Structures are given as structure tokens and as C-alpha cells.
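Peer 1: I would like the atomic coordinates for the input below:
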Amino acid sequence: MTDPMLEQFDAFIRRDPAQRGLIGSEPRFGPLCPGHLAAAAAHLAEFGHSVAIVTGFYIPRGDPPAAETDGPPASLLLAQALRLAGIETIVVSDGYCIGAVRAAADATEFPRDRVIEWPQADKPVSAGTSRIPSSISHLIAVERVGPSHTLESFLRQPRLGPPPREAFEAKVAPQCRDHCHNMRGEVIDGYSGEMHRLFEESQRLFPGAKTIGIGDGANEIGMGAVPWEELERRLSGEQSGRVPCRIPCDWNIVAGTSNWGAYAMAAAVLHLRGQAELLRPFTADQQRHVLEEMIANGPAVDGVTRRREATVDGLPFLTYIQPWEGMRNVLGLSVSTSPGRRG
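Peer 2: Okay, the predicted model is just below:
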């Protein structure tokens, strides 16, 4: 039976104020990946001993071009919470986003030597090249873009009925397949690197590791766990068919913003481990400080407005932070001091 508190966390993140479309309001759609938050948190809480979190989404047309504010703040909160709970954790990003990730790490007091820059090199992917230990127990992607479907990946997806091949071929032209896209349907391969291969080849690189994807727009690593047609029909615009990512994870957490999904993971795991008190310092004010530091020192931009402002996906801060405040209230946490470094 699912823990009622985890059901509340899941409800908090299944809101769609930015009207992305994945949080279906029509009853015929139903929720995507129900129960995945609870299952992923339970496995991480019981078996997690070494975790790598991959984050960072670059906005090449931002003002200035920079990483977006969705992803790093909650990734670093999750990383610091797991570390304080006794789970070895590192955070990985690429050269385009590493500045914003490091700024978020500094504001969260997560050790910089545990923030790893993905090597910008044309070489075979290996655990060694990325400085990620092959012994990790869990690999987590938070708001990290992955490539779109090929015909082969589309046909391989588990589904209840026959694959709608004609619809796929009509909506995803051959030249649009196997490319990373932003929500506007623009190809961004030049800014996305190949970190998706860590997940695609996870069992070769990290034998036995479990993978978790956290996303909000269908183009993120993990969304390959959902049949292409389920994502395509929820998205709007002519780009709806080419946006969905083909990379699956063991569990895929769908949220109104990806930060909310990572917040829920932190809350759920520490609740299950009886260590929720470790989350007390991570207040709304502290999270605003993280965003401000990213904007100032990353730099970082809002991924929707593309402006250098302390908002997420176009949401005013007070709207954006409501789900996290709701989780904190459920956990019985109140305003306290900012998190200190331990260990």
C-alpha cells in the first residue's frame, strides 16, 4: 500500500500552471506514470548508497544564453539532502550549464568537488570519462534533454495495443528523428552533449544501477518510458510529435516543473528513511536565494521567458514555490536557518 504522505507529494507536483499539457486535465487521459514517485523513492530510500544526479538545460537564445532555472535548484537540494542522510552523491552537468549548477551548489552549500563537469570530448562514453563511479546505485536525470524517437525506438516501446505507426511517420519526419529538441521543437543537439548515453548504456556503465527520470515537457530523459502517442496527444503545436524523448528510465516522474519532481523525491526519500528533519533548513527563502545566486553568478535564465530573472518556467516565485511549501507543511517543517555543511 502506498504511503499516504507520498500520495500527497505526488498530488502537489501534478499541477500544470504553465499549461505544458502533460498533467492531463481531461479524465480520458489519466495520469502519466502513476506510482512512479513512490516506487522510485522507496527503492532509493532502501537501497541507495551512491547517487549521480544529471541536470542542466541550456537556452541558447536566452538573454544571455545560459542554463535555465529549472533543474539545478532542486537537483542540488536533493543532492545535499541525500548527502546529509548518509548517501554519497555527485551532481553532473555539461560545460554550457556547469556555471549555473556550481552557483546552485554554492548557495546550497553542497561541496564543489562533488559537482562534476561532463567532458566535452568526442570519445566513447565510459564511467571513467565522466568521473562517475561504476558502483553507483542510482542515476537520476532532472530536466535533462534527450534525443527524440527513431522508428525503431518507437516500435520497441511497451504498449497495450499495436503501435500507431502511420501517425508516427506522418508527424515525425526522418530528418527530425534522434535529435534533441526544445519545447518549441527546435533542434538543440549542439547544446545538449551526450549525457543521455549514460542512461542509454547504464547497465554497461553502472551494472545494477537503477535509473530515474524527472521531467515536465516530454523532451527529457526518462520520458521514453511513456508510449510516444501518449505524450504526443497531450502536447500542443505542430512540434508535438518530434519533441518526445526516446530514452526510458526505470521510473519516470512527471511534474508541472522538473524542480517540483526533484523536491518531491527529496521529501519522499527522507520521509521514508525517518530523516525528514534534515529538510528543515531548505525554506522558501533559501530556495529564492539559490535562484538569485544562479541568476547572478551562473548565469541562468528562465527557460520560458528566456530572461535573467529569479523565476521558473515563467511562474512568479510565490506560485512556483507553493508545492514545496506544501510538502514541508505535510512533513511538519517550519521556517528555520539556512543549511550548513556537514561531513
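Peer 1: At which residues are the strands of this protein located?
Peer 2: Under the criterion DSSP state E, the chain contains strands at 50-55, 58-59, 66-68, 88-93, 115-117, 138-142, 210-215, 251-254, 300-301.
Peer 1: Make CSV from those and add mean pLDDT, distance to residue 225 and mean neighbour count to it.
Peer 2: Glycine gets a C-beta too; all of them are placed from N, C-alpha and C. Compiled in CSV, the strands of the chain are given as follows (pLDDT from 0 to 100; distance: least, C-beta to C-beta, whole Å; neighbours: other C-beta atoms under 10 Å):
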stretch, mean pLDDT, distance to residue 225, mean neighbour count
strand 50-55, 98, 16, 26
strand 58-59, 97, 24, 24
strand 66-68, 98, 23, 27
strand 88-93, 98, 21, 25
strand 115-117, 95, 25, 18
strand 138-142, 98, 12, 29
strand 210-215, 98, 7, 29
strand 251-254, 98, 4, 28
strand 300-301, 98, 28, 30
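Peer 1: Looking at these, which is nearest to residue 38?
Peer 2: strand 251-254 (9.3 Å; C-beta to C-beta).
Peer 1: Could you tell me how far the spatially most central residue of the chain is located from residue 61?
Peer 2: By C-alpha atoms, centre = their mean, the chain has its centre lying nearest to residue 142, at 1.7 Å. Look at residue 142 and residue 61: by C-beta to C-beta, to the nearest Å, they are 22 Å apart.
Peer 1: Equivalent analysis for residue 200, please.
Peer 2: From residue 200 over to residue 61 the distance is 27 Å, taken as C-beta to C-beta.
Peer 1: Of those two, which one has the most company?
Peer 2: The residue with more neighbours, out of residue 200 and residue 61, is residue 200; 20 against 12, by other C-beta atoms under 10 Å.
Peer 1: can you pull the contacts of that one?
Peer 2: The contact partners of residue 200, by C-beta atoms under 8 Å, 6 or more residues apart in numbering, come to residue 247.
Peer 1: gap between it and residue 206?
Peer 2: Taking C-beta to C-beta, one finds residue 200 at 12 Å from residue 206.
Peer 1: correct me, but residue 89 touches residue 76?
Peer 2: No: in this structure, residue 89 is not within contact of residue 76 by C-beta atoms under 8 Å, at 9.9 Å.
Peer 1: mind listing the helices for the stretch 51-200 of the chain?
Peer 2: Assigned by DSSP state H, counting those that start in this stretch, the stretch 51-200 of the chain shows helices spanning 72-84, 98-108, 127-130, 151-156, 165-171, 196-200.
Peer 1: out of those, which comes closest to residue 313?
Peer 2: helix 72-84 (12.0 Å).
Peer 1: can you tell me the average pLDDT over the closest one?
Peer 2: Mean pLDDT, computed over helix 72-84, is 98.
Peer 1: Return that helix as PDB; C-alpha atoms alone will do.
Peer 2: Extracted C-alpha coordinates of helix 72-84, given in PDB (Å, rounded to 0.1, in the frame of the first residue of the first chain):
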ATOM      1  CA  PRO A  72      19.700  22.800 -10.800                       C
ATOM      2  CA  PRO A  73      18.000  24.300  -7.700                       C
ATOM      3  CA  ALA A  74      16.100  21.200  -6.800                       C
ATOM      4  CA  SER A  75      18.800  18.900  -8.000                       C
ATOM      5  CA  LEU A  76      21.200  20.500  -5.500                       C
ATOM      6  CA  LEU A  77      18.600  20.300  -2.800                       C
ATOM      7  CA  LEU A  78      18.100  16.600  -3.500                       C
ATOM      8  CA  ALA A  79      21.900  16.100  -3.600                       C
ATOM      9  CA  GLN A  80      22.500  17.900  -0.400                       C
ATOM     10  CA  ALA A  81      19.600  16.200   1.400                       C
ATOM     11  CA  LEU A  82      20.900  12.700   0.300                       C
ATOM     12  CA  ARG A  83      24.400  13.600   1.300                       C
ATOM     13  CA  LEU A  84      23.300  14.700   4.800                       C
END
